[in-house]
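> Fold the following for me, if possible:
(one chain, ligands or ions: 1)
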Amino acid sequence: MNGHVMHFHVLTLFPEMVSQGLSESILGRAAQRGCIELETVNIRDYTENRHKKVDDYPYGGGAGMLMQAQPVFDACAAVKERIAARRSGEGRADREAAKEALATEVPATEPPAKEASAKGVPYGAQPPVRVVYVTPQGEVFSQRMAEELAAEEDLIFLCGHYEGIDERVLEEVVTDYVSIGDYVLTGGELPAMVMIDAISRMVPGVLKNEESAETESFQDGLLEYPQYTRPEIWHGRQVPSILLSGDHAKVGKWRLEQSEERTRQRRPDLYEAYSRKDRAVSWLSKDRLSHMDMLEPIRRGQADVIRAEEGGVLLHDRPSGVWMLSASDADMGERLLSEIPRGEKELLFAVHQDFLVESIDRRFHRNRVNVCRQAVYTRKTPPAPDGGFMVRPLTARDADAVYENYHTVHSREYLLGRIGAGAMFGIDGPEGLAAFAGVHEEGSMGMLEVLPAFRRRGMGEALEAWLISWMLKKGWVPYCQIFDGNGPSLGLQKKLGLKLASGRLYWIS
Ligand code: ADE
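Take a look at the predicted model:
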């Protein structure tokens with residue numbers, strides 16, 4: 001198994017309902033293998049009265065009973081304490097393992113399988129545990145939310161029963177209010193189980209490889225195509241003959257068409273988003289190299305296509321929050337820009353035409369501009385490894401060294417976040433870090449720095465070559481952005497065989 005263990009904690013009045021419901025089939029096996037762990041906590045065990053009463057009448061009158069604040073709060077606090085104890089134990093074990101690894105000098109020539117290990121948190125500090133209150137008043141659960149929650153190490157679900165829970169304890173402990181749909185159930189247990197199921201299948205190791213591929217098709221935004229098994233004729237109905245042809249290319253094409261048609265008929269809302277993405281990709285592909293910064297986030301599934309016209313595209317990249325746009329003329333530019341909400345504090349743009357720079361200044365009063373060019377690694381095979389340098393993933397302990405030696409627009413928090421995401425790598429000198437580089441939130445390679453004492457030895461080239469092969473293994477197209485005037489970087493990109501785009505890219509903050 002690679003990846004982290006996901007720990008679910010469910011606060012409920014009906015623990016057996018949850019533990020039994022999740023003990024069978026795929027999730028039961030995943031728990032046995034240790035990919036996921038489920039703890040159910042009976043809120044009733046935390047009452048302070050002799051009768052183990054957990055509910056009472058609502059102030060102001062009305063039907064039904066409410067769960068009281070105290071047992072819910074104490075049950076939640078007890079779980080949080082156990083989580084903290086477990087994590088500090090793991091921290092100790094991690095540090096010991098790290099010491100041992102250093103002593104035996106194991107070379108980290110392979111990308112780390114475990115990306116979620118550091119989680120962007122320095123030793124000692126603990127990220128707050130998310131507490132999900134399942135309620136019809138929450139944001140509606142989605143595949144995207146499942147993916148996001150699957151990156152957590154622990155999740156606490158709070159299940160209400162009766163008419164609800166005293167508002168005051170919700171205000172104190174809940175971080176996320178989530179609903180599974182616009183209907184009302186008798187309790188939160190089934191919704192919690194639904195979410196745990198969907199989140200678990202996103203946890204690495206829970207599904208076998210062929211099963212996880214199934215998710216990809218939903219992530220493309222299309223419904224599944226129809227499927228058939230033996231016998232060939234049933235109730236006089238024949239399996240579509242193309243599926244018996246053995247022609248994989250034809251079968252693939254037929255399945256895609258079926259998926260598209262099904263989605264168009266049954267889920268016009270999904271189909272609209274899918275075709276917007278399609279239009280965006282085909283417009284941007286007219287100049288692939290210049291638009292790689294927009295094409296890759298779409299392909300990696302991290303960008304929302306806000307608008308795609310014959311003449312321009314507007315994207316919002318979720319991880320970085322960057323608004324990306326390209327337009328054939330100023331009018332189209334204005335139309336696309338009108339989709340962006342004003343008044344947000346942190347607005348960051350990456351745009352492809354100089355007329356957009358002026359429009360953004362007028363509309364959003366943002367005028368700090370960095371001009372760069374893109375370079376794309378278009379081959380499928382990585383550059384030849386060279387130099388014999390040992391590349392290792394950075395850890396939170398490297399954050400200071402990175403920040404001190406990398407004076408750009410990026411904050412210490414940003415760099416620490418990239419380290420935590422497992423997206424930064426380095427080469428050590430005799431007394432600490434000699435060179436480092438990584439992948440930005442929105443997906444480009446960057447943050448490459450070789451400390452002055454170590455320059456002219458090929459470390460930069462070795463690091464970038466290593467990053468390129470790391471990205472290729474993920475199925476990504478490696479690309480980077482070179483600020484105007486950075487001659488050495490331009491030289492390095494040419495040496496590694498990256499192709500230079502003709503257009504410019506303007507970063508505006
Ligand atoms: N509790 C009751 N109904 C619910 C729903 N639809 N989603 C989440 N929690 C609930």
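> State the number of residues packed around the closest residue to residue 376 other than its chain neighbours.
Nearest residue to residue 376, sequence neighbours excluded (CB to CB, 6 or more residues apart in numbering): residue 479, at 4.4 Å. For the C-beta atoms, the positions are set from N, CA and C on the backbone; glycine is no exception. Close neighbours of residue 479, defined as other CB atoms under 10 Å, add up to 25.
> Same check on residue 207?
Residue 207: 18 neighbours (other CB under 10 Å).
> same thing with residue 456?
A count of neighbours around residue 456, defined by other CB under 10 Å, yields 7.
> Same question for residue 382.
Using other CB under 10 Å, residue 382 is surrounded by 18 other residues.
> swap in the one 3 residues further on?
When neighbours are counted by other CB under 10 Å, residue 385 registers 13.
> residue contacts, the closest residue to it other than its chain neighbours?
Using CB to CB, 6+ apart and skipping residues adjacent in sequence, the residue nearest residue 385 is residue 465, 6.4 Å away. Shown in contact with residue 465 (CB atoms under 8 Å, 6 or more residues apart in numbering): 382-386, 496.
> Just the closest of these to residue 366, please.
residue 496 (32.9 Å; CB to CB).
> Next, the contact list for the closest one, please.
Taking CB under 8 Å, 6+ apart, one finds 377, 383, 461, 464-465, 468 in contact with residue 496.
> One more: residue 37?
5-8, 31.
> and it, which of the three is it?
Three-state call for residue 37 (DSSP: H, G, I helix; E, B strand; the rest coil): strand.
> residues from the stretch 401-509 of the chain in reach of the ligand?
By CB under 6 Å from any ligand atom, no residue of the stretch 401-509 of the chain approaches the ligand.
> which stretches of the stretch 351-500 of the chain form helices?
Along the stretch 351-500 of the chain, the segments classed as helices by DSSP state H, counting those that start in this stretch run 354-364, 399-405, 412-420, 459-473, 487-495.
> Tell me which two in the contacts of residue 496 are the farthest apart.
Longest span within these, CB to CB: 377 and 461, 13.0 Å.
> Tell me which of the two has more neighbours.
residue 377 (26 against 19).
> any idea how far the more buried one lies from residue 456?
The gap separating residue 377 from residue 456 is 23 Å, by CB to CB, to the nearest Å.
> list the buried ones in stretch 429-439?
433-439 (16 or more other CB atoms under 10 Å).
> Dump these to TSV, plus pLDDT.
Below are the buried residues of stretch 429-439 laid out as TSV (pLDDT from 0 to 100):
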residue	pLDDT
433	96
434	96
435	96
436	96
437	96
438	97
439	97
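> Now for residue 221, how many residues are close by?
So residue 221, with other CB under 10 Å, has 20 neighbours.
> residues touching the residue nearest to it when sequence neighbours are not counted, list them.
Once flanking residues are discounted, residue 221 sits nearest to residue 274: 4.3 Å by CB to CB, 6+ apart. With contact set as CB under 8 Å, 6+ apart, residue 274 has these partners: 220-222, 260, 263.
> got a pLDDT number for residue 274?
What the model reports as pLDDT for residue 274 is 94.
> and what of residue 220?
Looking at residue 220, the pLDDT reads 75.
> before we move on, what about residue 161?
Reported pLDDT for residue 161: 85.
> What is the burial count for the closest residue to the ligand within the stretch 251-400 of the chain?
The nearest approach of the stretch 251-400 of the chain to the ligand comes at residue 269, 19.5 Å away (CB to the nearest ligand atom). By other CB under 10 Å, the residues close to residue 269 number 8.
> and the chain, which residues reach the ligand?
When proximity is defined as CB under 6 Å from any ligand atom, the chain approaches the ligand at 134-136, 179-181, 183-185, 188, 191.
> rerun at 5 Å
Proximity of the chain to the ligand is confined to 134-136, 179-180, 184-185, 188, 191 under the rule CB under 5 Å from any ligand atom.
> With neighbour count and pLDDT added, can I get these in JSON lines?
Formatted as JSON lines, the residues of the chain next to the ligand follow (neighbours: other CB atoms under 10 Å; pLDDT from 0 to 100):
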{"residue": "134", "neighbour count": "27", "pLDDT": "97"}
{"residue": "135", "neighbour count": "20", "pLDDT": "97"}
{"residue": "136", "neighbour count": "16", "pLDDT": "96"}
{"residue": "179", "neighbour count": "18", "pLDDT": "98"}
{"residue": "180", "neighbour count": "21", "pLDDT": "98"}
{"residue": "184", "neighbour count": "8", "pLDDT": "94"}
{"residue": "185", "neighbour count": "14", "pLDDT": "95"}
{"residue": "188", "neighbour count": "29", "pLDDT": "97"}
{"residue": "191", "neighbour count": "23", "pLDDT": "98"}
